[in-house]
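got a structure for you, letters missing:
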C-alpha cells in the first residue's frame, strides 16, 4: 500500500473518533512510521517477531499538573508495516487502524492498558448491536 493511501486510512480512523473526544485532544500529534525505532523497541521490550500497531508516548491528560507548560506534544505513532502484515485486505487495514487510533487516544486521556481493553470490549459490543 502506498504511503498516501495509508495516510488516508489513518485520517479516516481519526475521523471515526467521536467529536466529543477529538475536541478534548490536547498537545498531541499522530504520526505514521514503518516500524518502531530501536529506542521504542527497547522501551517496550519488544522481542524478535513481535508486532505492535501503535504507541502512545507522552504525559496523559490525567497526569498533567499546573507545571505542564511549554512541552513538546505527546506522540501517537501508527506502525504501517505491522498493520499491513496483520491484515488481509484494505478493509481490515482500516479496521485495525481505527482500533489502534482509539486505543492510543485512550492512553492520551489517561487510561491504562486494562482500562483501554475494557473500553474497547464495551465499544465493540455497542457497535455490534
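Noted; the coordinates are in hand. In this text, all values refer to a predicted model and were calculated from it rather than measured experimentally.

From here on, just use CA atoms for contacts and neighbour counts.
Noted.

for the helix or strand containing residue 101, packing partners?
Per DSSP states H and E: residue 101 is located in helix 90-108. In terms of contacts (3 or more Cα pairs under 8 Å, 6 or more residues apart in numbering; DSSP states H and E), helix 90-108 is packed against helix 3-15, strand 54-57, strand 74-79, helix 80-86, helix 113-128.

again, only using 10 Å
If contacts are counted by 3 or more Cα pairs under 10 Å, 6 or more residues apart in numbering; DSSP states H and E, helix 90-108 sits against helix 3-15, helix 19-22, strand 28-33, strand 54-57, strand 74-79, helix 80-86, helix 113-128.

Now do residue 65: how many residues are near it, please.
When neighbours are defined as other Cα atoms under 10 Å, residue 65 has 9 of them.

Begin at 53, not 1, for the rest of this chat.
All right, first residue 53 from here; so that's residue 117.

returning to what we had before: looking at the helices and strands packed on helix 142-160, which is nearest to residue 156?
Between residue 156 and the helices and strands packed on helix 142-160, the tightest spacing by Cα to Cα is seen for strand 106-109, at 5.5 Å.

Give me the sheet partners of the closest one and which way each runs.
According to DSSP bridges, strand 106-109 forms sheet pairs with strand 126-131 (antiparallel).

Noted, bye for now.
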